[in-house]
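>>> A structural model of the following input is requested.
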Amino acid sequence: MKRKRQKPKTQEKQGVSRRDFLKGTGVAMSGGLLAGAHVAAAEAASGPAGVLGPGAVPITLRVNGKAHTLRIEPRLTLLDALRGHLDLTGAKKVCDRATCGACTVMIDRKVVYGCTVLAIEAEGHDVTTIEGLAPEGELTPVMAAFVRHDAQQCGFCTPGFIMACTAFLESNPNPTLEDIEKGLGGNLCRCGTYRGLREAVLDAAETMRGGKS
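Predicted coordinates for the structure are as follows:
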């Protein structure tokens, strides 16, 4: 007897992120917020429904305080725009599926996975990458703490962790170890330097509060 194929059950929505940290810091920013600057452009674009693309369209991205005018396809992610068009390669392309956090950047000081945001969605917002945290070359408290506690090892996940740690300490300047473990749950380290990472965050928090020079 031939078995009837059952329709898969609809999965229940899980909110804006799979991890509390990314929910708390707004990694999955609403489409309305991010795309707001492009609504008017879409309405004015050619075509019956004002659809952008599929060819390249002009956009302006404000990254690390500087405006950059680009012509890109609407399907291009923010991560690919940063790496391939602006030569900002600090954010790494690793899993490309919002799992590891190596591509973490900030939009309006809220962390996002660069591989999950379209470049056109970031138009009209302030994008910060690892290159923008210390433009003069001087280490930030978080960067210096990573060095002191050997929290970087191979270094591939380090830019994403520094971005995540910086945003975390901006919203939680006096964290406990439990807070840190929960707060950095959106980033993975394949070298397993989690102990050094946690100590680095505690150290940086003390420095930023004025406890160390």
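
>>> Break down this structure into its strands, ranges please.
For the chain, applying DSSP state E gives strands covering 57-63, 66-72, 104-107, 110-113, 126-128.

>>> which stretch among those strands comes nearest residue 93?
Nearest of the strands of the chain to residue 93, taken as C-beta to C-beta: strand 110-113 at 10.9 Å. C-betas here are computed from N, CA, C, even on glycine.

>>> May I have the closest one exported as CSV, CA atoms only?
What follows is strand 110-113, C-alpha atoms only, in CSV (Å, rounded to 0.1, in the frame of the first residue of the first chain):
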residue,chain,number,x,y,z
LYS,A,110,23.6,47.2,17.6
VAL,A,111,25.3,43.9,16.6
VAL,A,112,24.2,42.1,13.5
TYR,A,113,25.5,39.2,11.4
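
>>> quick revisit: let's have the strands of the chain in CSV, adding mean neighbour count.
Shown next, in CSV, are the strands of the chain (neighbours: other C-beta atoms under 10 Å):
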stretch, mean neighbour count
strand 57-63, 17
strand 66-72, 13
strand 104-107, 26
strand 110-113, 26
strand 126-128, 21
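
>>> Kindly reformat these as TSV and extend each row with mean pLDDT.
Conversion of the strands of the chain to TSV gives the following (pLDDT from 0 to 100):
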stretch	mean pLDDT
strand 57-63	97
strand 66-72	97
strand 104-107	98
strand 110-113	97
strand 126-128	98
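
>>> Now for the closest residue to residue 74 other than its chain neighbours, how many residues are close by?
Closest residue to residue 74 apart from its sequence neighbours, by C-beta to C-beta, 6 or more residues apart in numbering: residue 53 at 4.0 Å. Residues lying near residue 53 (other C-beta atoms under 10 Å) number 14.

>>> Just the helices from the protein, written as ranges.
Secondary structure of the chain (DSSP state H): helices at 20-25, 31-44, 78-84, 130-133, 141-148, 158-171, 177-183, 194-208.

>>> Which among those is found nearest to residue 115?
Closest to residue 115 of the helices of the chain, according to C-beta to C-beta: helix 78-84, at 4.7 Å.

>>> quick revisit: turn the strands of the chain into TSV, columns for distance to residue 163.
Shown next, in TSV, are the strands of the chain (distance: least, C-beta to C-beta, whole Å):
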stretch	distance to residue 163
strand 57-63	13
strand 66-72	18
strand 104-107	4
strand 110-113	6
strand 126-128	8
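
>>> Show the contacting residues for the residue nearest to residue 74.
For residue 53, the contacting residues are 73-75, by C-beta atoms under 8 Å, 6 or more residues apart in numbering.

>>> Just give me the closest of those to residue 176.
Closest approach to residue 176 among these (C-beta to C-beta): residue 75, at 41.8 Å.
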